[in-house]
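Trainee: Here is the input, now give the coordinates:
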Amino acid sequence: MKETRNITSVLFYIIMTLLAVFFIFPIALVVMNSFKNKLYISTTPFAFPDAESYVNIKNYVDGLAKIHFLSSIGYSVFITVISVVLIVLFCSMTSWMISRVKGKLSSSLYYLFIISMVIPFQMVMYTMTKVANTLHLDNFVGICVLYLGFGAGMAVFMFCGFISGIPIELEEASLIDGCNPFQTFFKIVLPVMKPITITVGILNAMWIWNDFLLPYLVIGTKYKTIPVAIQYLKSGYGSVDYGHLMSVIVIALIPIVVFYFACQKYIIEGVTAGAVKG
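Mentor: The predicted structure is shown next:
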């Protein structure tokens with residue numbers, strides 16, 4: 001029996017190691033090729049940079065200059081931060097109301113949010129673009145409202161599951177002490193929700209930071225986010241300098257990877273608690 005468990009453990013670690021290599025290899029390949037001349041990327045993509053192909057940080061300097069990096073990262077950071085703040089704030093308050101105020105209205109709202117999770121973006125993208133244009137949301141501020149709408153379904157689902165596990169006695173005690181509902185939420189409920197709040201923030205930040213289609217449809221090239229700007233790293237006749245492309249991709253990955261590792265200890269706890277509806 002013990003030998004069987006040991007064999008199972010060894011097989012498990014082997015499979016996990018292979019999966020890790022499978023997922024890390026493309027990223028490592030992009031990083032490696034970002035230091036090579038574009039001609040060698042095409043001919044020897046799997047070879048390490050040598051004295052002939054190595055170009056130091058030239059690809060990074062030229063690539064960042066081509067996409068107007070400061071303005072692109074400025075729009076990406078603004079849209080990501082504001083959208084995540086809106087999603088966390090409004091969805092947590094909505095979930096608290098749904099979880100604590102029992103009735104047909106709250107139940108109907110909950111299931112509407114759940115249904116919104118399974119509606120493909122492609123079904124609504126054309127009408128959404130028209131509505132955004134009509135309501136003057138086709139700018140780097142208005143798109144944050146659209147992200148709030150698209151991100152609300154999953155956020156409410158996760159928040160409701162977590163809030164159901166919070167003892168209602170905490171809120172009752174705060175009301176007895178003279179707190180109004182807003183004070184109860186921000187001083188009692190929201191601090192307890194820290195793990196799920198960070199989890200929702202991470203998941204939405206990764207999605208919004210890397211999203212290409214919604215910014216491209218709504219704000220186009222007027223306010224280029226990093227994913228949109230990367231698509232325009234082309235020279236004459238549609239050719240692409242892959243050295244510049246890969247260097248910019250590496251730069252775009254760094255902020256979200258750092259953010260993820262800084263908050264990763266909350267993810268498992270938050271996802272586990274938020275995925276169970278009480």
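
Trainee: how close does the residue sitting nearest the centre point of the chain sit to I256?
Mentor: Geometric centre of the chain, nearest residue: M206, 1.9 Å, by CA atoms, centre = their mean. Between M206 and I256 the computed distance is 6 Å (CB to CB, to the nearest Å). Where you see a C-beta, it was placed from the backbone N, CA and C, and this is true even at glycine.

Trainee: ok, now L203?
Mentor: With distances taken as CB to CB, L203 is found 11 Å from I256.

Trainee: again with L170
Mentor: For L170, the distance to I256 (CB to CB) stands at 34 Å.

Trainee: The two: which is more packed in?
Mentor: With neighbours defined as other CB atoms under 10 Å, L170 and I256 compare such that I256 has more, 18 against 12.

Trainee: which stretch of helix or strand covers the closest residue to the more buried one other than its chain neighbours?
Mentor: Across the structure, with CB to CB, 6 or more residues apart in numbering as the measure, the residue nearest I256 apart from its sequence neighbours is W209 (5.0 Å). Here W209 sits within helix 194-210, counting by DSSP states H and E.

Trainee: So which other helices or strands are in contact with that helix?
Mentor: Packed against helix 194-210 by the contact rule (3 or more CB pairs under 8 Å, 6 or more residues apart in numbering; DSSP states H and E) you find helix 69-100, helix 142-163, helix 242-263, helix 267-274.

Trainee: to the chain's geometric centre, what's the distance from that helix?
Mentor: Average the C-alpha atoms of helix 194-210, do the same for its chain, and the two points are 6 Å apart (CA atoms, centre = their mean, to the nearest Å).

Trainee: CA atoms only: put it into PDB for me.
Mentor: Provided in PDB are the C-alpha atoms of helix 194-210 (Å, rounded to 0.1, in the frame of the first residue of the first chain):
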ATOM      1  CA  LYS A 194     -10.000  40.600   1.900                       C
ATOM      2  CA  PRO A 195      -9.100  37.200   0.400                       C
ATOM      3  CA  ILE A 196     -12.000  37.100  -2.100                       C
ATOM      4  CA  THR A 197     -11.500  40.800  -2.800                       C
ATOM      5  CA  ILE A 198      -7.900  40.300  -3.800                       C
ATOM      6  CA  THR A 199      -8.800  37.200  -5.800                       C
ATOM      7  CA  VAL A 200     -11.500  39.000  -7.800                       C
ATOM      8  CA  GLY A 201      -9.000  41.900  -8.300                       C
ATOM      9  CA  ILE A 202      -6.300  39.600  -9.600                       C
ATOM     10  CA  LEU A 203      -8.500  37.700 -12.000                       C
ATOM     11  CA  ASN A 204     -10.100  40.900 -13.400                       C
ATOM     12  CA  ALA A 205      -6.700  42.700 -13.600                       C
ATOM     13  CA  MET A 206      -5.200  39.900 -15.600                       C
ATOM     14  CA  TRP A 207      -8.200  39.800 -18.000                       C
ATOM     15  CA  ILE A 208      -8.400  43.600 -18.500                       C
ATOM     16  CA  TRP A 209      -4.700  44.200 -18.800                       C
ATOM     17  CA  ASN A 210      -4.400  41.500 -21.600                       C
END
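
Trainee: Could I get the contacting residues of N210?
Mentor: N210 makes contact with P227, A252, I256, according to CB atoms under 8 Å, 6 or more residues apart in numbering.

Trainee: Distance-wise, check the last one relative to I202.
Mentor: Okay, so that is I256. Distance from I256 to I202, counting by CB to CB: 9 Å.

Trainee: any residues touching stretch 174-184, and which ones?
Mentor: E171, K187, I188.

Trainee: roughly how far apart are F162 and Y60?
Mentor: Here the criterion is CB to CB. By it, F162 lies 41 Å from Y60.

Trainee: Which of those two has more residues huddled nearby?
Mentor: Counted by other CB under 10 Å, F162 and Y60 do not tie: F162 has more neighbours, with 28 against 20.

Trainee: Between the contacts of N210, which sits nearest G142?
Mentor: The shortest gap between G142 and any of the contacts of N210 belongs to P227, at 18.2 Å (CB to CB).

Trainee: That'll do, ta.
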